[in-house]
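Undergrad: kindly generate the corresponding structure for this input.
(2 chains)
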Amino acid sequence: MSISSSSLARLAVPLLSLSLLLAMLMSLRIGTYPVPTLTVARVVLAWLLPAGMAPASDWSEAEWVAVTIIRLPRVLLVCLAGAGLGLAGAALQGMMRNPLVGPDIVGISAGAAFGGILAILLDFSGPAMLAAAFAGGMVALALAWTLSRLGRGGGVLPLVLGGIIVAAFFTALNGLLQYVADPDSKLPAMVYWLIGSFAAASIDKLVLVAPPIVLAGGLLLALRWRVNLLSLGELDAASLGIRVERLRWLIIALVAMIVAAQVSASGMVGWVGLVVPHFTRMLVGPDHRRLLPASALFGALFLLMMDDVARTLASQELPIGVLTAVVGTPVFAFLYWRLQARGWNND
Amino acid sequence: MTRDAIAFTGLGHAYRRDEWIFRGYHGRLAKGRIMAVLGPNGCGKTTLLRLLLGIAAPTEGQVTIEGKAAFVPQLFQVGFDYSVLDMVLMGRAAKVALLAQPSRRDEEAALAALDRVGMADFASRPFHHLSGGQRQMVIFARALVSAPEIMILDEPSSALDLRNQAVILERMAMLAHHDGLSVLFTTHHPHHALSVADDVLLMLRPDHAVSGPVADILTEDNLRQLYGVPLKLLGFEHEGRPHRTLAPVLTPEVILERGRS
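TA: Reported below is the predicted structural model:
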């Protein structure tokens, strides 16, 4: 019996949803000012429900602030970013039929990072910085698209090569910006931002970043069966009546929206979009109708756990981008070895 | 006069300027008939099918296709181990809206198509665990599930053993003569054309193809020109009925002679 039809595959989405809810509650609980779980639940209910239906307020002002002002925006932002990266990675790996593809493949992360550190250099802050990072990601996408159009015959390879060129170009520009930045006032902020962190999460940031991630993520979820079709390859998908090129670019544009929004909010967070789809494929099988929602949930869960470790492991917060890479690389090596005979068919 | 399911005139395709794969090809597939396309390796048979299916645009010439066409590609690998049912379901792509998922009805249609090719018991099995012949049947079912009027098959019997070749030929004959579909297939086996096709297109040279009824076109001369190997048309009786088949004259002596020259 195939793993995709096993009961584990059917239960994966409800189980992952439940795990994510519990992890969110736990994440709201932990920190330098611990709040009891029951109080966390009551505060969240009071925050969510209208005044008349909310539970009686038997919590302290400090507990209310810790949960709703400091931790809740961060937890929601982390979940949103993790879900977006998991979803984007699963869609890209399926579409490109390549297990080594991650959401940063078309240079979007590097472009968004360039926008972000340029904003730091120019003293932009808040929405202006988010907009700059988002714009950088979109410019990178446009460049990768233009380069891929120059290649003969279309297909995935020119796109990947275009992405590698664009990523290398923006990485070089990022180095240049750091070189010219003031080493005392600007450089530390740039470096810290580049290695990724959710420490500066706020409701304002969440409000800015949520619409593109929710919109693009929702559309990607709606397109999940089409990813199955694209995974057959260009000729076969076209023979089934699919407009391959158009669909492929639609998916890439949606991935770009997610990644640019994520990078603009939290800097570079690598490996999530690469590792999460592999692990999820082991749970639910290769059908993207199940894989995409499960990858979104598992991405949120994984990044939330990483963020919890980042903010509680040491007295000073660790950069989450470093943590996801430290955990992601060995996990990826192990998964890839295990997956030889599972989700990816090598015969 | 019977109407054409597919007609092409002055058809030509070039990858680069003046590097023609073929040029000036004419042909027609009448409704409800079977046409075999024969040509040596690399002559552009798959490219011709792409042009007929509208997946690629011809460099010159015209293709007219009347009715919905479905395609059965050559045996291929799938990157993911989808189930057999998932594979057949993909044949419904044109009937499912862009942002929608296949419905229960689509699944029922996929199961019915699998049943039609005798593969219903394999629905939940991983596609890549099947044998070559079984995979070809699943891809056959995937084409059927879109309810086509024209079936285009790219070397459907290549890489199959004799038993499975016979099954594929039976299916094609049933599609045309029982279900009324128009069928066009490419093949490297001239005797398959003789077995099931009504018409044949021989891609003799990049600038010259001949087509017409099998009896007129599938001659020893034409086939020798096509493959550069002598072939004999043999008539014989089997179980009281007359039969014709084609055999390459490749006896050990002939092979040695060809090797020396």
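Undergrad: list the buried residues for stretch B:145-154?
TA: Neighbour-count burial for stretch B:145-154 flags B:145-146, B:148-154 (criterion: 16 or more other Cβ atoms under 10 Å in any protein chain shown). All C-beta atoms are positioned from the backbone trio N, CA, C, and that covers glycine.
Undergrad: restrict the residues you listed to contacts with chain A.
TA: Filtering the buried residues of stretch B:145-154 for proximity to chain A (criterion: Cβ under 8 Å from any Cβ of the partner chain) leaves B:S146.
Undergrad: between the buried residues of stretch B:145-154, which is closest to B:G39?
TA: B:D154 (12.3 Å; Cβ to Cβ).
Undergrad: what does the model give that closest one for pLDDT?
TA: pLDDT, B:D154: 95.
Undergrad: ok now do it, which residues does it touch?
TA: B:45-46, B:49, B:71-74, B:185-186 (Cβ atoms under 8 Å, 6 or more residues apart in numbering or on different chains).
Undergrad: tell me which helix or strand the residue lying closest to A:M190 once chain neighbours are set aside sits in.
TA: Leaving out its chain neighbours, the residue that sits closest to A:M190 by Cβ to Cβ, 6 or more residues apart in numbering or on different chains is A:I117, at 4.6 Å. If you go by DSSP states H and E, A:I117 is part of helix A:108-121.
Undergrad: middle-most residue in the chain, spatially?
TA: Since no chain was named, I'll use chain A. A:L85 (2.4 Å; Cα atoms, centre = their mean).
Undergrad: look at chain B instead
TA: Geometric middle of chain B (Cα atoms, centre = their mean) lands on B:F185, at 2.1 Å.
Undergrad: show me the shaky parts of the chain.
TA: Unless you meant another one, I'm taking chain A. A:1-6, A:151-155, A:339-347 (pLDDT under 70).
Undergrad: was after chain B, sorry
TA: B:1-2.
Undergrad: can you map out the helices along it?
TA: B:45-53, B:84-89, B:104-116, B:132-144, B:162-177, B:190-196, B:214-217, B:220-227, B:252-260 (DSSP state H).
Undergrad: so which of these is the most packed in?
TA: Highest mean neighbour count among the helices of chain B (mean count of other Cβ atoms under 10 Å in any protein chain shown): helix B:84-89, with a mean of 26.
Undergrad: what's in contact with that one?
TA: Under Cβ under 8 Å, 6+ apart, the answer for helix B:84-89 is A:228, A:287, B:78, B:102, B:106-107, B:110-111, B:113-114, B:119, B:122-127, B:130, B:138-139, B:141-142, B:145.
Undergrad: and the spatially closest residue to A:V35 that is not a sequence neighbour, how many neighbours?
TA: Of all residues not flanking A:V35 in the chain, A:E63 sits nearest, at 5.0 Å (Cβ to Cβ, 6+ apart). Using other Cβ atoms under 10 Å in any protein chain shown, A:E63 has 19 other residues around it.
Undergrad: before we move on, what SS does A:E63 have?
TA: With DSSP: H, G, I helix; E, B strand; the rest coil as the basis, A:E63 sits in helix.
Undergrad: was I right about it contacting A:V43?
TA: Yes. Contact criterion Cβ atoms under 8 Å: A:E63 and A:V43 qualify, at 6.5 Å.
Undergrad: what is in contact with these two at once?
TA: A:V35.
Undergrad: ok, B:V37 touching B:T187?
TA: Yes. Using Cβ under 8 Å, B:V37 is in contact with B:T187, at 7.4 Å.
Undergrad: who has more neighbours, the two?
TA: More crowded of B:V37 and B:T187, by other Cβ under 10 Å: B:V37, with 28 against 25.
Undergrad: what residue in the stretch 51-200 of chain A comes nearest to chain B?
TA: Closest residue of the stretch 51-200 of chain A to chain B, Cβ to the nearest Cβ: A:R97 (4.1 Å).
Undergrad: Provide a list of residues in contact with that residue.
TA: A:156, A:231, A:233, B:79.
Undergrad: try A:L159
TA: A:96, A:106, A:144-145, A:148, A:248, A:252.
Undergrad: do A:S109 as well
TA: If you count contacts by Cβ under 8 Å, 6+ apart, A:S109 has them with A:103, A:137, A:167, A:259, A:263, A:268, A:270.
Undergrad: which of these sit farthest apart?
TA: Every pair of these checked by Cβ to Cβ; the farthest is A:G137 and A:G270, at 14.7 Å.
Undergrad: the more surrounded of the two?
TA: Per other Cβ under 10 Å, whichever of A:G137 and A:G270 has more neighbours is A:G137, with 32 against 20.
Undergrad: now the more buried one: which helix or strand?
TA: Residue-wise, A:G137 maps onto helix A:127-150 under DSSP H and E.
Undergrad: okay, the angle between the next helix or strand after that helix and helix A:108-121?
TA: For helix A:127-150, the following helix or strand on the C-terminal side (DSSP H and E) is helix A:156-180. Inter-element angle recorded for helix A:156-180 and helix A:108-121: 20 degrees (by axes from the mean of the first three to the mean of the last three Cα atoms, to 10 degrees).
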